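>>> quick one, what's the 3D model for this:
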Amino acid sequence: MNAFLTEDFLLLNDAARRLYHQFAAPQPILDYHCHLSPCDIAENRRFANLFEIWLEGDHYKWRAMRANGVAEKYITGDATPYEKFLAWARTVPCTLRNPLYHWTHLELQRYFGITELLDESSAPSIWERANAVLSNLTAHAILKKFNVEVVCTTDDPTDDLQHHRAIAKSHRPTQVFPAFRPDKALAIGDPEFLPWVEKLSQVANVDVPDLSGFLKALHNRHDAFHALGCRLSDHGLNHCYAEPCSERAAAAIFAKARAGHSITDDERTHFASFMMLFFGRLDAEKGWTKQLHLGALRNVNTAARQKLGADAGYDTIGDFPQAAHLAAYLDLLEQENALPQMILYNVNPADTFQFATLIGNFQDGERPGKIQYGSAWWFLDQKQGITAQLDALSNVGLLARFIGMVTDSRSFMSYPRHEYFRRVLCDLIGQDVMRGELPNDDALLGRLIQDICYRNAKQYLQLPVR
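Numbering: from 1, shown residues only. Here you go, the predicted structure:
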């Protein structure tokens, strides 16, 4: 019987242990997709207590607490930080076999050197000990501690990027770049669309009376992001959009919305399709990598959204049709010779082999792994989901060209997720060695592990070096 969370956690044989400790663990982290606050990085945020850094915005934990019967007061409400922490501590023993149990104790060990199990009885001591360490653990110190070489945040085109400019001038060891997420440009007809267009007009310093002005303003912001080192864009969509829509038709839809008229569902789809091709062309022109996060059904609890707002932990796996829409989108860009590098993430396990096979249809024979099947995302970001993604890619693609893990997190406490992924990866390869399915060759397998954990992403993304 193995002890819990030792240095060989998840590594079940000698080959796995050797691959992890010698080849995976030393690699720097390229966190090319996350939701960290650029303001927190620019200002080198110091966290007042364990609640601020650990629970303040973590909807994974919020969902578990609700499932455990914790009142909203102790999750997103007006309870004190310590009361909220105690509510989480009472929940932790109920998360056995949920990845939250592993992540919670990995984070306590890696950030604070605390090996004690968290529950209601240990909570007061852990609160005091962790808070004492936090007095010296700023945002910059965390990035240094975990050897984070690059962070790419997720930023709206209307962001003025002032924090990114400040970071760029700071000459910190961790390079921090914006990533361009223009999903609000697709949301024509929503109540927030026209106010967002006005904000875009102001930050781009471009009048937007019509579609031409709208596209010019977005092009302006794309240029501004590029100037600050941005080399990735991102979309979070139910499914991809690829309905034929001429510029003339898109202009008419935009004019209709600008005049305050309601937009039909078909018009929304056609306009979104036009804009997705526009953004694909922009990315291809500048050599960016486009990320598509597909399949989540978001904010399904209307009462909760009205009370708490969006992104409060009321999302689920959707069952949207993916393959035909996505293939059509990639094909339209390919026909124009405007298909950028692309990373495709899915959240529905039923679509795993769809995505893994789809990428093989649009490789160009010039850039290794031009179209990537992205790391296991959101509800699949756990041992079983990670293993399924690695297995699917291995079976129908080239695991050796995979660009590895991202945190996709709003929390500075999430960097052990990279360690978790690396351990799962090394154990998977180690088990193949044990069964005689792969050669017990450290030079060959060590190179594979190093490439997946770091080198492939570095070569693929071609981020600037300041």
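
>>> which helix or which strand is home to His235?
Assigned by DSSP states H and E, His235 belongs to strand 232-237.

>>> what angle sits between the stretch of helix or strand Leu332 belongs to and strand 232-237?
Using DSSP H and E, Leu332 sits in helix 323-335. If you take axes from the mean of the first three to the mean of the last three C-alpha atoms, to 10 degrees, helix 323-335 sits at 150 degrees to strand 232-237.

>>> state which helix of the protein is the longest.
helix 265-286 (DSSP state H).

>>> name the residues that touch that one?
182, 185-186, 188-189, 215, 218-219, 222, 226, 231, 233, 235, 240-247, 249-250, 253-254, 256, 263, 288-290, 329, 332-333, 336, 338-340 (C-beta atoms under 8 Å, 6 or more residues apart in numbering). Bear in mind the C-beta positions are built from the backbone N, C-alpha and C, glycine included.

>>> which of these are buried?
Buried by 16 or more other C-beta atoms under 10 Å: 182, 185-186, 188-189, 215, 218, 222, 226, 231, 233, 235, 240-242, 245, 250, 253-254, 256, 263, 288-290, 329, 332-333, 339-340, out of these.

>>> is it true that Val465 touches Gln175?
Yes. In this structure, Val465 is within contact of Gln175 by C-beta atoms under 8 Å, at 7.3 Å.

>>> and the strand holding His235, what does it pack onto?
helix 265-286, strand 289-294 (3 or more C-beta pairs under 8 Å, 6 or more residues apart in numbering; DSSP states H and E).

>>> 7 Å instead?
With contacts taken as 3 or more C-beta pairs under 7 Å, 6 or more residues apart in numbering; DSSP states H and E, strand 232-237 sits against strand 289-294.

>>> got the domain boundaries for this protein?
14-46+138-461, 47-137 (automatic domain parsing).

>>> which strand residues bridge Ile317?
Beta-bridge pairing for Ile317 (DSSP bridges): Ala296.

>>> which other residues reach the strand or helix carrying His219?
According to DSSP H and E, His219 maps onto helix 211-227. Residues from elsewhere that reach helix 211-227, judged by C-beta atoms under 7 Å, 6 or more residues apart in numbering: 157, 161, 178, 180, 182, 185, 197, 200-201, 203-204, 206-208, 250-251, 254, 278, 282, 286.

>>> that older thread, contacts for the helix holding Leu332 next, please.
Counting by C-beta under 7 Å, 6+ apart, residues outside helix 323-335 touching it are 239-242, 276-277, 280, 339, 354, 358, 361-362.

>>> give me the buried stretch members for stretch 296-313, please.
Buried, per 16+ other C-beta under 10 Å, within stretch 296-313: 296, 299, 304, 308, 312-313.

>>> sorry, slip of the keys, the one I care about is stretch 198-217.
So, applying 16+ other C-beta under 10 Å, buried residues of stretch 198-217: 199-201, 203-204, 206, 208, 211, 213-215, 217.

>>> export these to a markdown table and tack on distance to Tyr373?
Shown next, in a markdown table, are the buried residues of stretch 198-217 (distance: C-beta to C-beta, whole Å):
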| residue | distance to Tyr373 |
| --- | --- |
| Lys199 | 35 |
| Leu200 | 32 |
| Ser201 | 37 |
| Val203 | 34 |
| Ala204 | 34 |
| Val206 | 37 |
| Val208 | 37 |
| Leu211 | 34 |
| Gly213 | 37 |
| Phe214 | 33 |
| Leu215 | 31 |
| Ala217 | 33 |
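
>>> and the two most separated of the residues you listed?
Distances among the buried residues of stretch 198-217 were taken as C-beta to C-beta; the most separated pair is Val203 and Leu211, at 18.4 Å.

>>> just the C-alpha atoms of the helix holding His219, please, in PDB.
Taking Å, rounded to 0.1, in the frame of the first residue of the first chain, the C-alpha atoms of helix 211-227 are listed here in PDB:
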ATOM      1  CA  LEU A 211     -19.700  47.200 -40.200                       C
ATOM      2  CA  SER A 212     -16.700  48.700 -42.000                       C
ATOM      3  CA  GLY A 213     -16.000  50.800 -38.900                       C
ATOM      4  CA  PHE A 214     -16.500  47.800 -36.700                       C
ATOM      5  CA  LEU A 215     -14.000  45.700 -38.600                       C
ATOM      6  CA  LYS A 216     -11.500  48.600 -38.600                       C
ATOM      7  CA  ALA A 217     -11.800  49.000 -34.900                       C
ATOM      8  CA  LEU A 218     -11.200  45.300 -34.300                       C
ATOM      9  CA  HIS A 219      -8.300  45.300 -36.700                       C
ATOM     10  CA  ASN A 220      -6.800  48.200 -34.700                       C
ATOM     11  CA  ARG A 221      -7.100  46.300 -31.400                       C
ATOM     12  CA  HIS A 222      -5.600  43.200 -33.000                       C
ATOM     13  CA  ASP A 223      -2.600  45.300 -34.000                       C
ATOM     14  CA  ALA A 224      -2.400  46.800 -30.500                       C
ATOM     15  CA  PHE A 225      -2.400  43.300 -28.900                       C
ATOM     16  CA  HIS A 226       0.300  42.100 -31.400                       C
ATOM     17  CA  ALA A 227       2.500  45.100 -30.500                       C
END
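
>>> how far does it sit from the chain's center?
24 Å (C-alpha atoms, centre = their mean, to the nearest Å).

>>> that helix vs strand 232-237, what angle?
Using the same axes, to 10 degrees: helix 211-227 against strand 232-237 is 130 degrees.

>>> make 666 the first number, not 1, from now on.
Got it, first residue is 666 now, which makes that one helix 876-892.

>>> what's the angle from helix 876-892 to helix 930-951?
Using the same axes, to 10 degrees: helix 876-892 against helix 930-951 is 40 degrees.

>>> which SSE is Ala754 in?
helix 746-756.

>>> what comes up buried for that helix?
Result for helix 746-756 [16+ other C-beta under 10 Å]: buried residues 746, 749-756.

>>> torsion angles phi and psi at Ala915?
When quoted as degrees, to the nearest 10, the phi and psi of Ala915 stand at phi -60, psi -40.

>>> contacting residues for it?
Here Ala915 is in contact with 876, 936, 939 (criterion: C-beta under 7 Å, 6+ apart).

>>> tell me, how many neighbours does the closest residue to it other than its chain neighbours end up with?
If the residues on either side of it in the chain are set aside, Ala915 comes closest to Phe939, at 4.0 Å by C-beta to C-beta, 6 or more residues apart in numbering. Number of residues near Phe939 (other C-beta atoms under 10 Å) recorded here: 24.

>>> same check on the one 4 residues further on?
Neighbourhood size, Phe943 [other C-beta under 10 Å]: 19.

>>> report the separation between it and Ala850.
According to C-beta to C-beta, to the nearest Å, Phe943 stands 9 Å off from Ala850.

>>> that'll do, ta.
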